[in-house]
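1. here is a sequence together with a model predicted from it:
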Amino acid sequence: MCGGCHEPGAATSGRPRARAAPVPPATPGGSALLAPVRRRREGGPRRGPPGRAPPRRPRRLEPRPVTTTLVVLGAGGDLASRLLLPGLADLLVSHHGEGLDLRLVGADRAEHDQDWWTERVRGAAEAADARGPAVDRLVEGTRYASCDVSADDDLAGLVAEAAQDGDVVLYFALPPDVTAGALRSLEPEQVPGGTRLVLEKPFGHDAASAAELNGVLTRLVPEDHVHRVDHFLGKSTVLNILGLRFANRLFEPLWSATHVERVDVVFDEDLGLAGRAGYYDGAGALADMVQSHLLQLLALIAMDPPATISERDLRDRKAEVLRATRLWDSGDPASCTRRARWTAGRLGDEEVGAYADEPGVDPERGTETLAEVVLAVDTWRWAGVPFRLRSGKALGRRRKEAVITFKHVPHLPTGLLGTPSPTRLRIGFGPDDITLELDLNGQDDAFGLERTALGTELSPGELTAYGQVLLGVLHGDPTLSVRGDTAEQCWRVLEPVVAAWRDGRVPLETYPAGTGGPRGHGLLEDVDARECAEDAQVAAERGPRRAAGEGGSEGSGGEGRDGDDPPVA
Ligand SMILES: NC(=O)C1=CN([C@@H]2O[C@H](COP(=O)(O)OP(=O)(O)OC[C@H]3O[C@@H](n4cnc5c(N)ncnc54)[C@H](OP(=O)(O)O)[C@@H]3O)[C@@H](O)[C@H]2O)C=CC1
Ligand SMILES: O=C1O[C@H](COP(=O)(O)O)[C@@H](O)[C@H](O)[C@H]1O
């Protein structure tokens, strides 16, 4: 579906086309069977099909029968206050928090006093709207420790103290180089058995440094006690990929190169830097989003069915597919990658300066704010299918989705009128929705093809992404963490890109903030851009009055691209 077409209601079949997102209301007079479905979970278990076993309780990890002390290192930082502590409060008030025997220690190098910390924890719980006895206990019992993890034995002393109460979870919410240094300084005998180490992204800065860091970690604790966090793996819609693919007979038989033409994973943000220049300017869109989150999404979309959703089976399947992933076609980054950064423009109602002029940015560094790569997955299942991953900031349209585009039918029966469009399955990551776009027989002309979207909007999961991450960590389950070998593979896939971009072999393009991205054709024509072009052509052929008169506001796309924007990518 086209979110930015300028001719409302234009359709390839010459009649109005239902929009995929937001999901259109059921068409009056339309087939009840095919009327778009809208499902919103209001909490509580889902109902199963009639005549089947009663719904199973949600997957529940049993609390570990020991006191756990969660030590947040970098407790004064942005991640801790904005995401981690609210996620923790959220977890504690959910049914997953029942039975958790938890102590919380906040540690940072600053000499904060206890009240400062207590208020910070309380404020985070309020921000998450989490209230109740479990949160009260957390706030009352938490304590602050001043600790410079780079100073001799500060960290070891803190660990020893925390270990007196039971098991220890060390959450490194620190700048990555500080984390790596602190881990190197620890000796195995300073890390009590049962300790879990939680690390944030980026994990290393290339395959070799990730491997070295893996060596440091496994010298201290077993691999299954290491949690490399990718919070996308805690997002409920991302996890829904598993249910969608493996709990339904419908898609899996079609989930291969035989039927799939391409896969697009797009995470376009309409936000700018949000005060994170210090981190972002050293990372850029490729490391910030593609190397981590988007490759994890690719793995979930492309992996073979695991026998169980357990840390071994699920992570084996993901690792396998990432090992088979490489740059598309000849593997030349000049032909299968693209980078760009935003220039001055408008984001919503606000004038936005160029990225290069943001405080804390070094323009000479040439950091990209938009990255796009096309990858191949060299397996029997996926041979010849391009996987396009793209993410950018300060774009005019928020678009966060994976799109599976199926091949055209081998033969369209003569007599069915109109230009068929490929079937598409869209998995939205905010808004969270799933939409299947189909060509059906039209209502006005029984033999004319008409585009229809069957969709369901999903309510947010019970836990925030960080609540889900912490659930795994505190219950000692690394299923949703990135395994060490996979962390190395994710760098390996993109190393030729990093080198080519560093050497200037791929030009740094520009795009005005608030537009659809750099001008000109991208690596693969954008699936939406193609529809825009088709729609524009049909609309032009039919003349503006007729096009505008049909279909009401369908296709006008509230969130669509600006009239002046180039097609995305
Ligand atoms: N913020 C976010 O939205 C996200 C962050 N992450 C990751 O989380 C990690 C933390 O990021 P973020 O919270 O943004 O970073 P911040 O810079 O906001 O916080 C880091 C904290 O660590 C403290 N610190 C630095 N050095 C030491 C030391 N030697 N001993 C003890 N404390 C120290 C800092 O203190 P001081 O202020 O004095 O330097 C600061 O309070 C990074 O790996 C980042 O990539 C991942 C996803 C999202
Ligand atoms: O990790 C990151 O993710 C966010 C996007 O994730 P969301 O959960 O906020 O949708 C991204 O904005 C940020 O740059 C990146 O570091």
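-> Happy to help now that I have it. Numbering: from 1, shown residues only. Ligands and ions are numbered 1, 2, ... in the order given.

2. ok, now which ones touch whatever residue of the stretch 201-350 of the chain ends up closest to ligand 2?
-> Proximity of the stretch 201-350 of the chain to ligand 2 (CB to the nearest ligand atom) peaks at residue 288, 4.8 Å away. All C-beta spots, glycine's among them, are computed from the backbone N, C-alpha and C. Contact analysis of residue 288 by CB atoms under 8 Å, 6 or more residues apart in numbering lists 202, 280, 391.

3. got a list of what the residue of the stretch 51-200 of the chain at minimum distance from ligand 1 touches?
-> The stretch 51-200 of the chain approaches ligand 1 most closely through residue 77 (2.1 Å), counting by CB to the nearest ligand atom. Counting by CB under 8 Å, 6+ apart, residue 77 touches 108, 173, 174.

4. what is the nearest of the contacts of residue 288 to residue 454?
-> residue 391 (27.3 Å; CB to CB).

5. give me the neighbour count for that closest one.
-> Residue 391 sits with 23 neighbouring residues when counted by other CB atoms under 10 Å.

6. so stretch 187-207, near ligand 2 or not?
-> No. Using CB under 6 Å from any ligand atom, stretch 187-207 stays clear of ligand 2, with a minimum separation of 6.7 Å.

7. please report the distance of the one residue in the stretch 301-450 of the chain that gets nearest to ligand 1 from residue 319.
-> Relative to ligand 1, the nearest point of the stretch 301-450 of the chain is residue 360 (11.8 Å; CB to the nearest ligand atom). Per CB to CB, to the nearest Å, residue 360 is found 36 Å from residue 319.

8. likewise residue 411?
-> 39 Å.

9. low-confidence ranges in the chain?
-> Applying pLDDT under 70 to the chain picks out residues 1-65, 521, 527-569.

10. what does it put close to ligand 2?
-> Counting by CB under 6 Å from any ligand atom, the chain sits next to ligand 2 at 269, 288, 430, 465.

11. nearest to residue 215 among those residues?
-> Nearest member of the residues of the chain next to ligand 2 to residue 215, counting by CB to CB, is residue 288, at 24.9 Å.

12. for residue 510, what are its contacts?
-> Residue 510 touches 340, 341, 342, 343, 518, counting by CB under 8 Å, 6+ apart.

13. longest helix of the chain?
-> helix 484-502 (DSSP state H).

14. related to what we said a few turns ago, okay, the contacts of residue 288 in CSV with secondary structure next?
-> Shown next, in CSV, are these (DSSP: H, G, I helix; E, B strand; the rest coil):
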residue, secondary structure
202, coil
280, helix
391, strand
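
15. nearest to residue 475, of these?
-> The closest of the contacts of residue 288, once distances to residue 475 are taken by CB to CB, is residue 202, at 25.5 Å.

16. tell me the phi and psi of the closest one?
-> phi -80, psi 140 (degrees, to the nearest 10).

17. next: residue 249.
-> Torsion angles, degrees, to the nearest 10, at residue 249: phi -70, psi -20.

18. ok, back up a step: which elements pack onto the longest helix of the chain?
-> helix 207-220, strand 226-228, helix 295-302, helix 311-323, strand 325-327, helix 333-336, strand 337-343, strand 370-377 (3 or more CB pairs under 8 Å, 6 or more residues apart in numbering; DSSP states H and E).

19. ok, residues contacting that helix?
-> With contacts defined as CB under 8 Å, 6+ apart, helix 484-502 is touched by 203-207, 210-211, 214, 217-218, 223, 226, 228, 286, 290-292, 295-296, 299, 315, 318-319, 322-323, 325-327, 331, 333-334, 337, 339, 368, 373, 375, 482, 506, 508.

20. any buried residues in that helix, and which?
-> 484-494, 496-498, 500-501 (16 or more other CB atoms under 10 Å).

21. and what of stretch 351-364?
-> Buried-residue list, stretch 351-364, by 16+ other CB under 10 Å: 352, 354, 355, 356, 358, 361.

22. before we move on, what about stretch 435-453?
-> 435-443, 448-453.

23. next one: stretch 102-117
-> Buried residues in stretch 102-117 (16+ other CB under 10 Å): 102, 103, 104, 105, 106, 107, 108, 109, 112, 117.

24. how long is that stretch from one end to the other?
-> End-to-end distance of stretch 102-117: 17 Å, with CA to CA, to the nearest Å as the criterion.

25. is that stretch anywhere near ligand 1?
-> Yes. Judged by CB under 6 Å from any ligand atom, stretch 102-117 and ligand 1 are in contact via 108, 109, 110.

26. please tell me how far the spatially closest residue to the second one that is not a sequence neighbour sits from ligand 2.
-> Closest residue to residue 109 in three dimensions, ignoring its sequence neighbours and counting by CB to CB, 6 or more residues apart in numbering: residue 148, at 4.2 Å. The span separating residue 148 from ligand 2 equals 25 Å under the rule CB to the nearest ligand atom, to the nearest Å.
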